[in-house]
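Participant: sharing a model prediction with you, sequence too.
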Amino acid sequence: MIISPLLVNAVNLSKEKKALDLGFGNGLDILYLLTKGFQVTAIEKDKILIEEIQKLNLENLNIVHEDILNYNFKETYDLINCSFVLHFLKKDARNILNKIKNSTTLNGINLIITFIDQGDFTNIHEGFFRSNELKELYFDWDIIDYFEREVKTKETNSDGTPKKQFTAYLLAQKISLSAI
């Protein structure tokens, strides 16, 4: 199982064990969280992905079949993982990010990984964050790690060169109840 070093760090920093995973995809992150003793709420809109995870009959896992845009962020969480999801939400990405921040407990951790508006893709739209924008939006949190880097793609430009895509990685801790 290949787990992001940022998720490993997020788990190590989290004092409590209640996590929210938004758009869990292949489920590797939630499996890792469960092995580390977390109670996980996992939001996913893809029914096939949900069915695959449900076959494992995992304890301490609450799966919610819902689009993140419709999810009622009524609880708070010690760790919220939102990896490679926000850019799909287009104009609603920043609103969901605010809900993520507001749903994080004091000293809770956010792990956000998203594409940014750099590179060769023509589908870069308003859901993509600007370079350093995530860092700016978390100005009132303790930013533990932030970096941007190019990620490999399989798609090519018309001249045959690989298309460039850039991703922002943020690991931050809520240090004040007024931090939203």
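Facilitator: Here it is on my side, so go on.

Participant: from here on, just use CA atoms for contacts and neighbour counts.
Facilitator: OK.

Participant: who's in contact with the helix or strand bottoming out on mean pLDDT in the chain?
Facilitator: Among the helical and strand segments of the chain, the one scoring lowest on mean pLDDT, DSSP states H and E is helix 47-54, with a mean of 90. Taking Cα atoms under 8 Å, 6 or more residues apart in numbering as the criterion, the residues outside helix 47-54 that touch it are Gly25, Asn26, Gly27, Glu44, Ile63, His65.

Participant: run the last query once more with 10 Å
Facilitator: Helix 47-54 is touched from outside by 23-28, 30-31, 42-44, 61-66, with contacts defined as Cα atoms under 10 Å, 6 or more residues apart in numbering.

Participant: could you turn the buried ones of those residues into a PyMOL selection?
Facilitator: For selection in PyMOL, the members of the contacts of helix 47-54 meeting the burial criterion (16 or more other Cα atoms under 10 Å) are listed in this command:
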select buried, resi 23+24+25+27+30+31+42+43+44+61+63+64+65+66
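
Participant: may I see the buried residues of the lengthiest strand in the chain?
Facilitator: Ranked by residue count and defined by DSSP state E, the top strand of the chain is strand 104-119. Applying a neighbour-count criterion of 16+ other Cα under 10 Å, one finds 104-118 buried in strand 104-119.

Participant: who are the packing partners of it?
Facilitator: With contacts defined as 3 or more Cα pairs under 10 Å, 6 or more residues apart in numbering; DSSP states H and E, the secondary structure elements packing on strand 104-119 are helix 5-13, strand 18-22, strand 77-83, helix 93-102, helix 133-137, strand 142-151, strand 165-173.
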